[in-house]
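Asks: give me a 3D structure for the following:
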Amino acid sequence: MSRKRPIDIKEELGVERVCRSCKKNIVEIDDDDDDFLTIKAEHDIHDIAKFQIRPSAGIDKLVEEVAKRLNFRIGSFKLKYEDQDCDEVLLACDDDLHLCAKTFANMGKSFLRVFVDRK
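Replies: As a prediction, this is how the structure comes out:
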């Protein structure tokens, strides 16, 4: 279930409603998949890329960003993350990415470390 929170709205976003108590323009922002997920993609000790994506962008976007930043060909690597049980879990589809994002949010982590394994 998504929670919505009111925020001050900037002029370029338009107005959905006005707060009765403070008279400011506000809009509802969905907290589920609209938040950015900070990724640290690590290949070696010395090869680490840091960037943000929205989990709703999907696994293809994650793979594309990792490939671009680490100069790898798409399809030449696998992505894994360490879960709350210290197991390395494969990120292979959108469902894996969504589960991973929720797990890390529940753990209170500020970023997701993704391990890049060359095939």
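
Asks: and the pLDDT at Arg17?
Replies: In this model, Arg17 is scored at 44, pLDDT.

Asks: how much space between the residue positioned nearest the centre of the chain and Cys100?
Replies: For the chain, the residue nearest the mean C-alpha position is Leu37 (2.5 Å; C-alpha atoms, centre = their mean). Counting by C-beta to C-beta, to the nearest Å, the gap from Leu37 to Cys100 is 9 Å. Any C-beta I mention is one placed from the backbone N, CA and C, and that applies to glycine too.

Asks: hey, which helix is longest across the protein?
Replies: helix 94-107 (DSSP state H).

Asks: dump it to PDB, restricted to CA.
Replies: Taking Å, rounded to 0.1, in the frame of the first residue of the first chain, the C-alpha atoms of helix 94-107 are listed here in PDB:
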ATOM      1  CA  ASP A  94      12.100  -6.300 -12.500                       C
ATOM      2  CA  ASP A  95      10.500  -8.300  -9.600                       C
ATOM      3  CA  ASP A  96      14.000  -8.900  -8.200                       C
ATOM      4  CA  LEU A  97      14.800  -5.200  -8.300                       C
ATOM      5  CA  HIS A  98      11.500  -4.200  -6.600                       C
ATOM      6  CA  LEU A  99      12.000  -6.800  -3.900                       C
ATOM      7  CA  CYS A 100      15.500  -5.600  -3.400                       C
ATOM      8  CA  ALA A 101      14.500  -2.000  -3.100                       C
ATOM      9  CA  LYS A 102      11.800  -2.800  -0.600                       C
ATOM     10  CA  THR A 103      14.200  -4.900   1.500                       C
ATOM     11  CA  PHE A 104      16.800  -2.200   1.600                       C
ATOM     12  CA  ALA A 105      14.200   0.500   2.500                       C
ATOM     13  CA  ASN A 106      13.000  -1.700   5.400                       C
ATOM     14  CA  MET A 107      16.600  -2.100   6.600                       C
END
